[in-house]
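Asker: Predicted structure and sequence below. I'll ask about it afterward.
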Amino acid sequence: MNQDAVIEKLFHLLVSGERESARTLVNQVLEMDIAHEDLTMSVYWPVMEMVDTLYRNDQMTTLSHRYATRLLRSLVEQAQSGYEQKKRRNRKICAFCGPSEGDELSAQLVTDLAEADGYDIFFAGGGIANDEILAEVGQHEPDILLIFAAAPSDCPSIRQLFDTIREIGACPNTQLVVGGGVFNRAPGLAEEIGADLWATTPGELLEVLGNDPTRRATDEQRTVGRSRRTSRKAA
């Protein structure tokens, strides 16, 4: 498979809304004995990032963006049915994301892969208030709270959520994990808001989740919001 050629061709089919041609291309790739997981990570993910970047930079019309995200979502959902379901890890992930269509699509792609990799997934999407997330974390006591794909405007709320979880001692065994979105575009931000783990791609996320299940953020790492925490202690 010429990965770059497939990405370029699929991108043009997506933004023009050519559904049948896009599915034909995908079927041709799968006939080369490419695993569905590899197709998702090596083609769908970079195409989705291209679409998101161009739209965010006002280099794509709303119509083309809607075509691309809706068609790509259907392709991602079809791919999920072909994933190899690995042995259950007995580890639970509660996952949320930013409110945009692109955020939800990237988070769905990631959680589908994580589920196939053996994790038990509870994925609610975007637009969920912090108090509801806190209640859900308290109820399920997940091994991992994953916030994937967010805009810069979402970061204060995510930082506040992480701070609150730690300050009230809720689910001390839960890892706080972020990835995608603004965290890809701003190196160091994930550390600064107090994430225990972070990743830029689905493959990297699965790797760090598997390799570092006990890693926790240090006080020195959490620079965003430090003055607020310090002033509270002083008070």
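Answerer: Arrived safely, thanks for sending.
Asker: Okay, helices next: where are they in this protein?
Answerer: Here the chain has its helices, by DSSP state H, at 3-15, 19-30, 36-39, 45-56, 62-80, 101-116, 130-140, 155-167, 182-185, 189-192, 202-211, 226-234.
Asker: quick one, which of the ones you listed is nearest to K87?
Answerer: helix 101-116 (11.0 Å; CB to CB). All C-beta atoms are positioned from the backbone trio N, CA, C, and that covers glycine.
Asker: Does anything pack onto the closest one? Which helices or strands?
Answerer: helix 45-56, helix 62-80, strand 92-97, strand 120-126, strand 144-148, helix 202-211 (3 or more CB pairs under 8 Å, 6 or more residues apart in numbering; DSSP states H and E).
Asker: Of all these, which one comes closest to E192?
Answerer: Across the helices and strands packed on helix 101-116, closest to E192 is strand 144-148 (CB to CB), at 14.2 Å.
Asker: hang on, the earlier thing: adding mean neighbour count, write the helices of the chain out as CSV.
Answerer: Converted to CSV, the helices of the chain look like this (neighbours: other CB atoms under 10 Å):
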stretch, mean neighbour count
helix 3-15, 17
helix 19-30, 15
helix 36-39, 19
helix 45-56, 19
helix 62-80, 17
helix 101-116, 23
helix 130-140, 15
helix 155-167, 18
helix 182-185, 18
helix 189-192, 21
helix 202-211, 17
helix 226-234, 10
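Asker: Show me the one of those that comes nearest R91.
Answerer: Ranking the helices of the chain by distance to R91, with CB to CB as the measure, places helix 202-211 first at 8.2 Å.
Asker: Now do the closest one: everything it contacts.
Answerer: Helix 202-211 is contacted from outside by 40-41, 45, 109-110, 113-114, 117, 119, 144, 148, 177, 179, 197-199, using CB atoms under 8 Å, 6 or more residues apart in numbering.
Asker: For that helix, give the mean pLDDT please.
Answerer: The average pLDDT for helix 202-211 rounds to 95.
Asker: send the alpha carbons of that helix over as CSV?
Answerer: Presented in CSV, the C-alpha positions along helix 202-211 are these (Å, rounded to 0.1, in the frame of the first residue of the first chain):
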residue,chain,number,x,y,z
PRO,A,202,-4.0,6.3,18.8
GLY,A,203,-1.0,3.9,18.6
GLU,A,204,1.0,5.9,21.0
LEU,A,205,-1.9,6.1,23.4
LEU,A,206,-2.4,2.3,23.5
GLU,A,207,1.4,1.9,24.0
VAL,A,208,1.6,4.3,27.0
LEU,A,209,-1.6,2.9,28.6
GLY,A,210,-0.1,-0.6,28.4
ASN,A,211,3.4,0.4,29.5
